[in-house]
Structures are given as structure tokens and as C-alpha cells.
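Student: got a sequence here, can you model it:
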Amino acid sequence: MSRIIQVPTADYAIASAPDVLSTIGIGSCIVICLYAPQAKIGALLHCMLPREENDLSNSLRNVDTAVNQVVEQFIAKNIQLTDLIAKIAGGAQMFTGPEDSNGSIGKRNIEETKRLLTTLKIPIMGEEIGGGRARSVLFELENGKVTITCAQVKTDDTFDTELVKII
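Tutor: Numbers count the residues shown, from 1 in each chain. Here you go, the predicted structure:
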């Protein structure tokens, strides 16, 4: 029987089929789903910022340090980088207005994620990135399917969810 494992912001989880990894509230954050299809083992990372830049408060907040920690966990399970594929979601620009001199956090999260995965030679097999809406992710480890939904505010101030994409 499968479990749904909730992954909070600035954290990650690694599990195997038939479990499902899930996270909510993805705005400018980036979610990275790493998957070893042969072993049916996956990791979901929910990162807030692109690079550590001397912020030692929680290394899992940052794409660069979190990905490196998770890769070490895969290697400890005898899964090599060549066994992994990636799917990514998030990186939205949640607020309008002038961007800082480096661009929006969401955009920088996307850029750093793509740069790091390319460097590690982990192919990105699907993405739902950018835009201006918050997302939620459900990652099925039985088949590697990632389902992304968006929360939308209706005219009566209630929320409705909309399936955005399955990658």
C-alpha cells in the first residue's frame, strides 16, 4: 500500500514505489523531482533559493546544496547519476513590480536548477515552470509521473484547483 509523503518547503524526501511524494505552496520556489526509473526510487526537493551564498541556516533551502545532498543519498543507495532523470516545477514570479538587479527569485531558481542538472548530466524530462501562479506537485514513484495543479481564487474568494500538467 502506498503512502503519501508530504515534503515541506526547504526540505526533501527520498522514497521508493509504491509511495507518492507531494508538496504544496510552490510559488517562486522550485521543486525538483529526481527519479531512478529502474529502481523506482525518487526524491522530491522543495527549494526556496538558487544558491547558498553564505546562508548556513538551512542548506536544504538552496538548490545548489540541496541537490548535492540528495545526489549523495542516491549514490549511497548504489544509484548513479546516469540512472537519474529530473522533472521540475515552480519558479513563478508571484508579485508584479520592479525586479531586483539579479531578476526574480523564481527565474534565478529555474536558471540554477537547469545549470546544476546540466552540469551533473541529469536530463530534464519534463517541466512546468515560470508564470505567475502557485502550484502543488504529486510525484508517483511507481511510474515517475508528476502531476501539477494550480490553486485559483474564484470571484467569491473561494479556492478552486485546476490540473495544469502531467509530466
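
Student: which residues in the chain form strands?
Tutor: Using DSSP state E, the strands found in the chain span residues 4-6, 11-16, 20-26, 30-36, 41-47, 85-90, 124-129, 135-140, 146-153, 159-166.

Student: relative to residue 69, which of these is closest?
Tutor: Across the strands of the chain, residue 69 has its closest neighbour in strand 11-16 (7.6 Å, C-beta to C-beta). In short, each C-beta sits where N, CA and C put it, glycine included.

Student: strand partners (parallel or antiparallel) of the closest one?
Tutor: Its sheet considered, strand 11-16 pairs with strand 41-47 (antiparallel) by DSSP bridges.

Student: what average pLDDT does the strand it pairs with get?
Tutor: Mean pLDDT, strand 41-47: 97.

Student: and the angle from it to strand 135-140?
Tutor: Using axes from the mean of the first three to the mean of the last three C-alpha atoms, to 10 degrees, the inter-axis angle of strand 41-47 relative to strand 135-140 is 170 degrees.

Student: per-residue confidence at the residue nearest the centre of the chain?
Tutor: Centroid-nearest residue in the chain: residue 31, 1.1 Å away (criterion: C-alpha atoms, centre = their mean). Looking at residue 31, its pLDDT is 97.

Student: ok, it touching residue 43?
Tutor: No. Residue 31 is beyond contact range of residue 43, at 10.7 Å (criterion: C-beta atoms under 8 Å).

Student: before we move on, the earlier item: least reliable of the strands of the chain going by mean pLDDT?
Tutor: strand 159-166 (a mean of 69).

Student: any idea how far residue 2 is from residue 14?
Tutor: For residue 2, the distance to residue 14 equals 15 Å [C-beta to C-beta, to the nearest Å].

Student: repeat for residue 66
Tutor: In terms of C-beta to C-beta, residue 66 sits 12 Å off from residue 14.

Student: cool, residue 83 as well?
Tutor: 14 Å.

Student: quick one: common contacting residues for these two?
Tutor: residue 74 (C-beta atoms under 8 Å, 6 or more residues apart in numbering).

Student: in terms of neighbours, single out the busier of the two.
Tutor: Each of residue 83 and residue 14 has its neighbours counted (other C-beta atoms under 10 Å); residue 14 has more, 20 against 16.
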